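K.L.:
here's a sequence, model it:
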Amino acid sequence: MKITWSLLLVLSFPLVLSPISAYAADAGYVAMKAGVFLPNGKSESVDRKDNGFGDLDSGYNVELAVGFKPESYAAVELGTGVYSASGKRSGVGSSADLTAYGVPVTVTAKGLLDLEKWELFAGAGVGYYFGFVDQRTDTAAGNSVMSRDESSHGGALGYHVVAGADYRISRQMAAGVDFKWFSARPELEFTDAAGTKVKSKWEIGGSVLNVGVKYMF
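P.N.:
Residues are numbered from 1 along each chain as shown. Got it, this is the predicted structure:
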């Protein structure tokens, strides 16, 4: 009798471990994404107290994220990356070429809906956003043009919302798309038309549309 019970325990041991192993295999993941950065619509204000990327064209975005699923319906994700855009800003008697970069470090909480092959998600989070702006200003001075090159950088807390879907290719691989909107307003310093250094808040956020791959472990 003892031998029979021992044999049953040995045979059932893999069955007991299999759901635990399956959950563990999907508990953590690494995601790599790339896509389009769409700057927000805010342009330079008249009093230079509020600026943004409204004059910039669409740019690029790349991201790397590490996530953990404490439950099948929830995930917590730590991410970083870089986004960039450039464009031209024109004014009376002057114009400026701008190139902007952003480096966020974010934490996101997501709700998940598992549909077998598909997994839908939506979430929100916060992060710290480092902003860098290079600006070349050309100002008309009689029959000549004066040029000035400046760079400024700053950081600020920001927030974001995200939604998307992943398609499971295999047990450990998935491909997906997502949309994210975010906002952050660090303080940057540039020279105004009177030659005075002016500090102002810059809205460095926007939207990103990504495609990516996810490896689950």
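K.L.:
flag every buried residue along the one helix or strand A174 maps to.
P.N.:
Here A174, judged by DSSP states H and E, is contained in strand 173-184. In terms of neighbour count (16 or more other C-beta atoms under 10 Å), strand 173-184 has its buried residues at A174, G176, D178, K180, W181, F182, S183, A184. (C-beta placed from N, C-alpha, C; glycine too.)
K.L.:
and the contacts of that strand?
P.N.:
33, 40, 102, 104, 119, 121, 127, 129, 131, 156-169, 203-216 (C-beta atoms under 8 Å, 6 or more residues apart in numbering).
K.L.:
ok, the buried residues of strand 173-184 vs S94, which is closest?
P.N.:
Of all the buried residues of strand 173-184, S94 sits closest to A184, with 27.2 Å by C-beta to C-beta.
K.L.:
what's the nearest residue to V36 if we skip its chain neighbours?
P.N.:
With C-beta to C-beta, 6 or more residues apart in numbering as the criterion, V36 has its nearest non-adjacent residue at 5.2 Å, and that residue is L209.
K.L.:
can you give me the strands in the protein?
P.N.:
For the chain, the strands defined by DSSP state E cover 28-39, 50-52, 59-71, 74-91, 94-115, 118-141, 144-168, 173-184, 187-191, 197-203, 206-216.
K.L.:
any low-confidence regions in this protein?
P.N.:
Within the chain, the segments meeting pLDDT under 70 span 1-26, 41-50, 92, 142, 193.
K.L.:
what sits up against stretch 146-159?
P.N.:
With C-beta under 8 Å, 6+ apart, stretch 146-159 has contacts from 104, 124-139, 182-191, 202, 205.
K.L.:
7 Å instead, please
P.N.:
Stretch 146-159 has contacts (C-beta atoms under 7 Å, 6 or more residues apart in numbering) with 126-139, 182-191, 205.
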